[in-house]
Structure formats: structure tokens, C-alpha cells
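[1] just a sequence and a predicted model for now, questions to come.
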Amino acid sequence: MIGTIVNALAVVAGSFLGLTIARGIPQRIVKVLEQGVALCVMLIGLQMSIDASNVLLVLLSLVIGGAIGSALRIQDRLEDLGNHLQQRFGQEGFSRGFVASTLLFCIGSMAVLGAIESGLRGDHSILFLKSALDGVSALVLTTTLGFGVLFSSVSILVYQGAITLMASGLEGVMTLEMLDGIRHVGGLLIMSLGLNMFFPGKVRTSDLLPALIIPILYYLFIPNLLP
């Protein structure tokens, strides 16, 4: 859990620094910064998904995962949580910052691989590197999306912490193909997050989160069905 704790603290530190800096930045500059961050987020997602070899599996993952997420109303529930915290802390735009930063910090190969390495081998190097990247990202995101980014540190603790704690039971089960599938699907979700930063609410990225589970189920049960 050390790597996950360091990761969460890095986001807290970056968020506080971002909130301090944001007070003196004109709105027109904030808008440009937000667009720059959105473009970088889309680039990260593109790099993660561009080399997908099994496009059909990625498609099925998004379709099946999206149907599950929509049925479970994940997007609505996350937004309700963000709105509740917004009312509690009185910060306008809290929900958007919380949801966007949670998705950015928790979706992706570094979050999954880092947590697994931490749990299986006690190797925290991936999460330490992710901590540095997330801290800088939190600083920039907080200047554009506000106070909600700070609370994504709780999401990191819960999400990566759960994977780390379960990782010992995954030894001998998780394969490179599974991890590649998660990375390719996660890359597309990160790209959709970048699109949402340009056009808020146009893509229900949170409802697509169960798509990350589909590659694992596929390679466990039907690895030879798709080309």
C-alpha cells in the first residue's frame, strides 16, 4: 500500500499548490490551460490504445462494458457523489473536477500494473513514477477544474488499494494479454475524458468503466473465440 499512499499524497500536494496558483490566474488563461490539458489527456489515451492488435475485443469490451455501466448508472452515481460533496464543501464545479480527475488518475495501465506489482512483488517503482506524473497533473487540473481534483486522492486510495490487496490472489491468473487489453480499452476511455474536457457531458465515460473488466473475462474463459 506504500505506493498507493504516496500516489494519493502527491495528488493532495499538487492540488493544494494548484489551488494557490489558481487565485492569481485570469479566466482566459485558465481556459487555455484547460484546453492544453485536454489535448495532453487525449494524447496519453491515444498512445495507450494505438497499438491494439485485437480491435474486435476492444469493441466488444466497450459495448458490453457500456451496457453494464449504463444499467448500473455509474456516471449518475459518480456525479451524485460529486454534487453531494460540492454541497458539503460549497465549491462550484466540484463534481466535474472530481469525476474527471478520478478517471484520469485511476484509468490506465500504470494504475493497474503499478498496483499489481505493488501487491504481488512489493515493487512500488511504477506507482512512485505515477505519483510524480499525477502530482504535476493535479496541479494543472486544479487550476482549471477546481477543488474537486483534491478529492480524487480518495478514489486513488480506494481503487489502487483494492487492486493491491487483491493482487496476491491474482498471481498465476493475470497474463500479459489481459494487461494489454486493459491498457487498450483504458486508453480509449482516457481519450473520451479529454473530449469531455472540451465538450462537457458529451461522452458518458464513467458508464464505460466496466469495459476494463471484459478483457480479463475474455482471456480467462474464451481466449480462442476472436481472431
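    Thanks, I have it.
[2] could you pull out the helices for this structure?
    Assigned by DSSP state H, the helices in the chain fall at 2-22, 27-49, 55-72, 74-89, 94-106, 109-121, 125-145, 152-170, 176-198, 214-221.
[3] which one of these lies nearest to residue 206?
    helix 74-89 (3.9 Å; Cβ to Cβ). Any C-beta I mention is one placed from the backbone N, CA and C, and that applies to glycine too.
[4] averaged pLDDT, that closest one. What do you get?
    Across helix 74-89, the average pLDDT comes to 72.
[5] same question, stretch 105-124
    Mean predicted confidence for stretch 105-124 is 76.
[6] list the buried ones in it?
    The neighbour-count check on stretch 105-124 (16 or more other Cβ atoms under 10 Å) flags 105-120, 124 as buried.
[7] one step back: which of the helices of the chain is buried the deepest?
    Highest mean neighbour count of the helices of the chain: helix 94-106, a mean of 24 (counted as mean count of other Cβ atoms under 10 Å).
[8] which elements pack onto that one?
    Counting contacts by 3 or more Cβ pairs under 8 Å, 6 or more residues apart in numbering; DSSP states H and E, helix 94-106 packs against helix 2-22, helix 74-89, helix 125-145, helix 152-170, helix 176-198.
[9] of all these, which one comes closest to residue 32?
    Across the helices and strands packed on helix 94-106, closest to residue 32 is helix 125-145 (Cβ to Cβ), at 9.3 Å.
[10] got the angle between the closest one and helix 2-22?
    Relative orientation of helix 125-145 and helix 2-22, computed by axes from the mean of the first three to the mean of the last three Cα atoms, to 10 degrees: 20 degrees.
[11] now do the contacts for residue 57.
    Residue 57 makes contact with 181, 214, 215, 218, 226 under the criterion Cβ atoms under 8 Å, 6 or more residues apart in numbering.
[12] do you know the pLDDT at the last one?
    So the one you mean is residue 226. 57.
[13] ok, now the fourth one?
    For residue 218, the pLDDT comes out at 87.
[14] ok, it touching residue 180?
    No. Shown here, residue 218 and residue 180 do not form a contact pair, counting by Cβ atoms under 8 Å, at 11.6 Å.
[15] ok, back up a step: can you tell me which of the helices and strands packed on helix 94-106 the model trusts least?
    Of all those, mean pLDDT reaches its minimum on helix 74-89 (a mean of 72).
[16] turn the contacts of residue 57 into JSON lines, columns for distance to residue 94.
    Compiled in JSON lines, the contacts of residue 57 are given as follows (distance: Cβ to Cβ, whole Å):
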{"residue": "181", "distance to residue 94": "33"}
{"residue": "214", "distance to residue 94": "31"}
{"residue": "215", "distance to residue 94": "33"}
{"residue": "218", "distance to residue 94": "37"}
{"residue": "226", "distance to residue 94": "41"}
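[17] so what's residue 204 closest to, chain neighbours aside?
    Nearest non-adjacent residue to residue 204, counting by Cβ to Cβ, 6 or more residues apart in numbering: residue 75, 4.7 Å away.
[18] do the same with residue 164
    If the residues on either side of it in the chain are set aside, residue 164 comes closest to residue 119, at 4.0 Å by Cβ to Cβ, 6+ apart.
[19] now do the one you found against residue 156, distance only.
    15 Å (Cβ to Cβ, to the nearest Å).
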